[in-house]
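sequence unknown, structure follows:
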């Protein structure tokens, strides 16, 4: 998306044009999802955070100082939300482990088919290998292999030159090696966003806008 076109969409969205913001959502949804997934490592939670990030961005468009800084601004919103969810999960897990005694049956592996066991093992191995990369190398791999994102778009989102991103991507691929990269690409297919994700975000933005108007009318 050219910067002029993006600026126009942002200005229209500031004026309450949710359809224009929907175009922005479609443009950045996989980037935002990858940001949340990198932190949470859970597809369902990452999807929820991505949707909330877009709704929060829509509500706060008036605070964006420069339209050209929209990508890093959106990334910051997503990271803050994802980190908050991770902290909350950590506190909840600690309380749950303290309060709830574990029974032997809870630790027993379910009786599943051989193919399901192999699929689980495959996914865990891929996750382990990808997670072993440093944040600097892992993020470009997630961005460029999650949905075939171009290095130019990924670089703009991260805030570095395309050459620097290509170098990180090359180093990440070298560490993973070709066989592991291919496995990771296939595994990431399971974490694609649903086709109606942008529609959900637009509905959330409209609900938020309606609530704001009701509040203004009461005030």
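Happy to help now that I have it. Because the structure is predicted, anything quoted here is derived from the model rather than measured. Numbers count the residues shown, from 1 in each chain.

show me the contacts for residue 23.
Counting by C-beta atoms under 8 Å, 6 or more residues apart in numbering, residue 23 touches residue 9. Quick note: C-beta positions are derived from backbone N, CA and C, even for glycine.

And the one 5 residues further on, by the same measure?
The neighbours of residue 28, taking C-beta under 8 Å, 6+ apart as the test, are 71, 74, 157.

rerun that using 10 Å as the cut-off
Applying C-beta atoms under 10 Å, 6 or more residues apart in numbering to residue 28 gives the contacts 1, 6, 35, 50, 53-54, 57, 70-71, 74-75, 78, 153, 157, 198.

Distance check, residue 35 against residue 143.
Separation of residue 35 from residue 143 (C-beta to C-beta, to the nearest Å) stands at 9 Å.

Out of the contacts of residue 28, which end up buried?
The neighbour-count test (16 or more other C-beta atoms under 10 Å) marks 6, 35, 50, 53-54, 57, 70-71, 74-75, 78, 153, 157, 198 as buried among these.

Can you flag which of these belong to helices?
6, 35, 50, 53-54, 57, 70-71, 74-75, 78, 153, 157, 198 (DSSP state H).

picking that back up, can you check which residues contact both of residue 35 and residue 143?
Common neighbours of residue 35 and residue 143 (C-beta under 10 Å, 6+ apart) are 157, 158.

Where does pLDDT dip in the protein?
Across the chain, the ranges flagged by pLDDT under 70 are 1-2, 92-123, 126, 146-147, 178-184, 186-188, 190, 219.

Quick check: phi and psi on the residue nearest to the spatial centre of the chain?
The chain has residue 33 as the residue nearest its centroid, 1.7 Å off, counting by C-alpha atoms, centre = their mean. Per-residue torsions, residue 33: phi -60, psi -40 (degrees, to the nearest 10).

which residue ranges form the helices in this structure?
With DSSP H as the criterion, the chain has helices spanning 3-14, 18-40, 43-59, 70-99, 104-107, 114-131, 135-146, 151-158, 162-188, 197-218.

List the contacts of the residue nearest to the centre of the chain.
For residue 33, the contacting residues are 43, 46-47, 49-51, 53, 78, 142, 146-147, 191-193, 197, by C-beta under 10 Å, 6+ apart.

Of those residues, just the buried ones, ChimeraX syntax please.
In ChimeraX, the members of those classed as buried (16+ other C-beta under 10 Å) are selected with the following command:
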select :43,46,47,49,50,51,53,78,142,146,147,191,193,197
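
ok, the residue nearest to residue 161 when sequence neighbours are not counted to residue 84 distance?
Spatial nearest neighbour of residue 161, chain neighbours left out: residue 155 (6.1 Å); criterion: C-beta to C-beta, 6 or more residues apart in numbering. Taking C-beta to C-beta as the criterion, residue 155 is separated from residue 84 by 27 Å.

and if you look at residue 69?
Residue 69 is 22 Å from residue 84, by C-beta to C-beta.

cool, residue 143 as well?
Taking C-beta to C-beta, one finds residue 143 at 22 Å from residue 84.

what about the two, which has more around it?
residue 143 (25 against 12; other C-beta atoms under 10 Å).

Based on its surroundings, how many neighbours for the closest residue to that one other than its chain neighbours?
The shortest distance from residue 143 to any non-neighbouring residue, by C-beta to C-beta, 6+ apart, is to residue 154 (4.3 Å). Counted with other C-beta under 10 Å, residues neighbouring residue 154 total 23.
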